[in-house]
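**Student:** Structure of the sequence below:
(2 chains)
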Protein chains: 2
Amino acid sequence: MYGLEPVFDALKTAQARLALENRHAKDAALKAVMSAIDASRSAIRKANEADIAKARKEGMKEALIDRLSLDKPGIDAILEGIATVIRQEDPIGRVTAGWTLPNGLLVERRTVPLGVAAIIYESRPNVTVDAFSLAYKAGCAILLRGSSSALESNRVLVRAIQQGLETGGGIPEAVALADSGNRDEVDAILGARGKIDLVIPRGGKELIRRVVSQARIPVIETGAGNCHIYVEPSADLSKAVDIIENAKTQKPGACNAAETLLVHRDAAGSLLPLLARRLAGKVELRCDEPSKAALGTPPPGLVLKDATQEDWETEFLDYILAIKTVDTLEEAIDWINRYGTKHSEAILTNDLRAAETFNRRVDAACVYTNASTRFTDGGVFGFGAELGISTQKFHARGPMGLEALTTIQYRIAGSGHIRL
Amino acid sequence: MYGLEPVFDALKTAQARLALENRHAKDAALKAVMSAIDASRSAIRKANEADIAKARKEGMKEALIDRLSLDKPGIDAILEGIATVIRQEDPIGRVTAGWTLPNGLLVERRTVPLGVAAIIYESRPNVTVDAFSLAYKAGCAILLRGSSSALESNRVLVRAIQQGLETGGGIPEAVALADSGNRDEVDAILGARGKIDLVIPRGGKELIRRVVSQARIPVIETGAGNCHIYVEPSADLSKAVDIIENAKTQKPGACNAAETLLVHRDAAGSLLPLLARRLAGKVELRCDEPSKAALGTPPPGLVLKDATQEDWETEFLDYILAIKTVDTLEEAIDWINRYGTKHSEAILTNDLRAAETFNRRVDAACVYTNASTRFTDGGVFGFGAELGISTQKFHARGPMGLEALTTIQYRIAGSGHIRL
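**Tutor:** Residues are numbered from 1 along each chain as shown, chains lettered A, B, ... in the order given. All right, here's what the predicted structure looks like:
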């Protein structure tokens, strides 16, 4: 099993100890981790530059190099992420319900740590620290399996984390990096029933598909975001253009970027020409027939194509927007529930009933009214760091902060109670 | 796919409608289901007698026949289960958190139905109605896959449910019985990604093992209960004997029955002779060496054996109790965390620190102080019916009522907000 069995056991033992730590102890350890990372800035930069040089040599695209890069603001952001996690309430030991049975037994439901988590992720080394800090605060041990392209960066970061935990009175064994680079390591993680309580894949489609189909332990699917914006006739058109531009172009590679615009036929003629002018030269539009007609003469610089079936199903993660005209709100909702990935969906409207219907009928983690889909983000929601954005409905949904790493336990106190 | 695809699609469509029903409508439909079941008593009894006759003919054990049987008190209990579910608050549409972001965006977290659930269960026809009523109240459609031995009973029950929904203005398509009896039907359910949001196996070890290892959809493991009682030296011995007897004999076939007694060496000499006298003629004891020595001369009628490694690992579900003497509280806790199934574990003590340590360190859904483990039960906890008792930590833990069938959705309301 590629040497991971002892790692699993060490994590489990460490987690049992970490589960008993109070907030003061956990926060003190996290503060020491901040200091250790701050003190390791030059080593981190050096390791990251080595990773980047190797990646460039192997022909990695610049967009991915960008994700891999950990510059000064990147390290600052990592530290701020830990600071935000420190400021969060302890998610553990909360009594979330409690009642007394007719026979006098006291039942309390408390939050407890989920256990040992594993995260399998690509490129971004900031995930290393984000995932660790959330897990530690939630009393969970964590196994980090980063990509081989970020190996040196991750090694230095994990060393700094462990040094920080050591000096801060924490439990350094509660974090481990799976760094053999061997793909079979992933198989070992996915098969670790009874050893690992949760695995989170964070990365491209292929990684997520592999994890979901192979895992014999609980998985939280993340990331896939085929997000829609639906413009209803009563919408403020000028705000609609701003929102669509923002949702498409502010960070097109993000999972919460919009991919398809649905526009009501009564709004298409007024909206689409405005939108085409705004996006010309920046975003390629792929329209169905009615949308193309409503758009009229394309402004200079606009790349305009006919939409294909594949376009409706694709998360472009690029400067491409598919556009479809719909006849009714119902058609828009049905379309979203069919092609969407249950991530983030928006309606732009001034009609209260339309907004409420959209909110109630769209099956997605985040449903927006008159706002850009780009806000689906643990940081924006105030969770500090995030483990990822869950697109499943089981256990966790939407941006995952501390709560996703907890479970419950019932404590029942009696005085000799027997069942009659 | 054994004809289940259209059933999956119909359930999904019905669920989308059911998700929009308010509590009044759902409760009215459930009341009509109660009336329909009440009016079908003779048909239910007749079908159940046919199932029993067939099972006897095929040589089913009387204990299992007992689980299959649906007599008048059984039907009364089913009706009372629905009534309790009706009395529960609607788990859907609760705003469980809400806040305003610095930019003015309002974020609300609401409970929404999980979607389409499936339950694969053995014998007990009461599960048919319990699972349906919980699912309906939680806005979930449900696919019922009962055992072939209860087929006629289940058919009549589901017909009554659907008639009740029809007359009560409900959505009869939100419930379906998979009744081909074909084992491949189970494969189709376990592979229904995107169609079924959750599958709950409820039955024997073999069923649960099969579902867990084959499912490509989320599973909640239920039932396995290798439960322990640990007796600490400060415990009230007379209450301890009552509790152990109750936890072992009140319903030995239940998953919350105790299987192994752990006794501190300083309590063994006083407890075990008392306990042996109480259990002689009723319960077979399987002791380790120190326990046998502490027990002294066996009282008349006591069946006493040496415990084997297998005994520690076995959920007897029978009048058998394994007994082990431990040197410390720590040893007891480690033993439980190793051999227990994270179901229900009890400490009997008068020492506050021992109770607190046991509570905090034992990794189980339900941890008891000075009470029988037999109370782990959705009905006892006040959930009305139960879907089963989850022994996993993911999504749901312990007795599963309405909450296990919900998930969350974030609704974000803006007025033209874009991300900067």
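
**Student:** where do the helices sit along the stretch 51-200 of chain A?
**Tutor:** Counting by DSSP state H, counting those that start in this stretch, the stretch 51-200 of chain A has these helices, from start to end: A:62-68, A:72-87, A:126-137, A:151-167, A:184-190.

**Student:** Residue B:235: which of those is closest?
**Tutor:** Among those, the nearest to residue B:235 by C-beta to C-beta is helix A:126-137 (36.4 Å). For glycine as for every other residue, the C-beta is placed from the backbone atoms N, C-alpha and C.

**Student:** could you point out where the stretch 51-200 of chain A is predicted with low confidence?
**Tutor:** Low-confidence segments of the stretch 51-200 of chain A (pLDDT under 70): none present.

**Student:** Around chain B, which positions in it sit nearby?
**Tutor:** A:99, A:101, A:105, A:107, A:114-115, A:197-198 (C-beta under 8 Å from any C-beta of the partner chain).

**Student:** on that earlier part again, hey, which of the helices of the stretch 51-200 of chain A is tucked in deepest?
**Tutor:** Across the helices of the stretch 51-200 of chain A, averaging neighbours per residue (mean count of other C-beta atoms under 10 Å in any protein chain shown) puts helix A:126-137 on top, at a mean of 27.

**Student:** Could you name the helices and strands sitting against that helix?
**Tutor:** Contact here means 3 or more C-beta pairs under 8 Å, 6 or more residues apart in numbering or on different chains; DSSP states H and E; on that basis helix A:126-137 packs against helix A:23-39, helix A:72-87, strand A:116-121, strand A:141-145, helix A:151-167, strand A:175-177.

**Student:** With distance to residue A:368 as new columns, can the ones you listed be given to me in a markdown table?
**Tutor:** As requested, the helices and strands packed on helix A:126-137 are arranged in a markdown table below (distance: least, C-beta to C-beta, whole Å):
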| stretch | distance to residue A:368 |
| --- | --- |
| helix A:23-39 | 32 |
| helix A:72-87 | 23 |
| strand A:116-121 | 27 |
| strand A:141-145 | 31 |
| helix A:151-167 | 34 |
| strand A:175-177 | 35 |
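
**Student:** before we move on, back to that, out of the residues of the stretch 51-200 of chain A next to chain B, which comes closest to residue B:28?
**Tutor:** Nearest to residue B:28, judged by C-beta to C-beta, of those is residue A:99 at 27.4 Å.

**Student:** what bridges to the closest one?
**Tutor:** As for beta bridges, residue A:99 partners with residue A:107 under DSSP bridges.

**Student:** List the buried residues for stretch A:293-303?
**Tutor:** Of the residues in stretch A:293-303, A:294-295, A:298, A:302 count as buried by neighbour count, 16 or more other C-beta atoms under 10 Å in any protein chain shown.

**Student:** Up against chain B, what does the stretch 201-350 of chain A have?
**Tutor:** When proximity is defined as C-beta under 8 Å from any C-beta, the stretch 201-350 of chain A approaches chain B at A:213, A:216, A:218, A:236, A:239, A:242-243, A:245-247, A:250, A:337.

**Student:** are any of those residues buried, and which?
**Tutor:** In these, burial by neighbour count holds for A:218, A:236, A:239, A:242-243, A:245-247, A:337, counting by 16+ other C-beta under 10 Å.
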